[in-house]
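Asker: A structural model of the following input is requested.
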Amino acid sequence: EMFLLCSNLDSIVIPKGVKKIEMAMFDRCYNLKSVILPESITELDTYAFIECYSLSTITIPANVRKIGSMVFEDCRNLTSFYCCVEDPQEIEMGEDVFNRINEECILYVPQGCAQAYRGDERWNAFSDIREMGVTQVEPVSRQAAVPVEYYNLSGSKQTGLQQGINIIRYNDGKVRKVIQ
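Answerer: Numbering: from 1, shown residues only. Take a look at the predicted model:
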């Protein structure tokens, strides 16, 4: 419940090495639009992203083997869901994982895997399942945002990333919280 009801959180990059998104970690983060999960993630625990109304896209890394109950329930603005796991049977899934998500959300799966996902009733929330190809890759900005200032949670300026939660201001004006 680290970020439970954190209404100011709009994006987060989970650091490499993190293996699990804990229970209710982002529960009711209503303004959370962007989450970047590292390849090291193997589990999304129950309620991890429940009621993240602003979340529009998410990519599930290939190493995920467990998605708990109601993880994406009420993610009403989810329009693109990328799942990099080739065989949906490799994922242990709880109940109501995708309850009340956007009906028009598109599920993107690895090349050659769409039929396996269509045949797995746990993914029935998605009426549109497509295989990822070159055209489905999200565009990469030519000029990636660069961190210009670092702060701790009490607002004190830091010289760089510190252990724990960091607040980073980028040259494009965006501010993000990052766990180190």
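Asker: When you work out contacts or count neighbours from here on, use the C-alpha atoms and nothing else.
Answerer: OK.
Asker: Tell me where the chain has helices.
Answerer: Counting by DSSP state H, the chain has these helices, from start to end: 114-118.
Asker: how about low-confidence regions in this structure?
Answerer: Within the chain, the stretches falling below the threshold (pLDDT under 70) are 1-2, 134-145.
Asker: contacting residues around the residue nearest to Lys19 when sequence neighbours are not counted?
Answerer: Take Lys19 and drop its neighbours on the chain: the residue closest to it by C-alpha to C-alpha, 6 or more residues apart in numbering is Ile41, 4.1 Å away. Under the criterion of C-alpha atoms under 8 Å, 6 or more residues apart in numbering, the contact list for Ile41 reads Gly17, Val18, Lys19, Lys20, Ile21, Pro61, Asn63, Val64.
Asker: Please pick the buried ones from those.
Answerer: When burial is judged by neighbour count using 16 or more other C-alpha atoms under 10 Å, the buried members of the contacts of Ile41 are Val18, Lys19, Lys20, Ile21, Pro61, Asn63, Val64.
Asker: Quick check, the last one in contact with Val85.
Answerer: Yes: proximity of Val64 to Val85 meets the contact threshold set by C-alpha atoms under 8 Å, at 7.1 Å.
Asker: related to what we said a few turns ago, show only the entries of the buried ones among the contacts of Ile41 found in strands.
Answerer: Applying DSSP state E to those, the entries found in strands are Lys20, Ile21.
Asker: Dump the buried ones among the contacts of Ile41 into a markdown table; add distance to Tyr108 as well.
Answerer: Shown next, in a markdown table, are the buried ones among the contacts of Ile41 (distance: C-alpha to C-alpha, whole Å):
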| residue | distance to Tyr108 |
| --- | --- |
| Val18 | 24 |
| Lys19 | 22 |
| Lys20 | 22 |
| Ile21 | 21 |
| Pro61 | 12 |
| Asn63 | 16 |
| Val64 | 15 |
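Asker: Looking at the buried ones among the contacts of Ile41, which is nearest Leu107?
Answerer: Closest approach to Leu107 among the buried ones among the contacts of Ile41 (C-alpha to C-alpha): Pro61, at 13.6 Å.
Asker: Over to the closest one: give its phi and psi.
Answerer: Torsion angles at Pro61 (phi, psi; degrees, to the nearest 10) stand at phi -60, psi 160.
Asker: quick one, what contacts it?
Answerer: With contact set as C-alpha under 8 Å, 6+ apart, Pro61 has these partners: Leu37, Pro38, Glu39, Ser40, Ile41, Thr42, Cys83, Cys84, Val85.
Asker: Kindly report the same for Gly94.
Answerer: Per C-alpha under 8 Å, 6+ apart, neighbours of Gly94: Thr46, Ile67, Gly68, Ser69, Met70.
Asker: Spatially, which two of these are the most separated?
Answerer: Longest distance between any two of the contacts of Gly94 is 8.7 Å, between Ile67 and Met70; criterion C-alpha to C-alpha.
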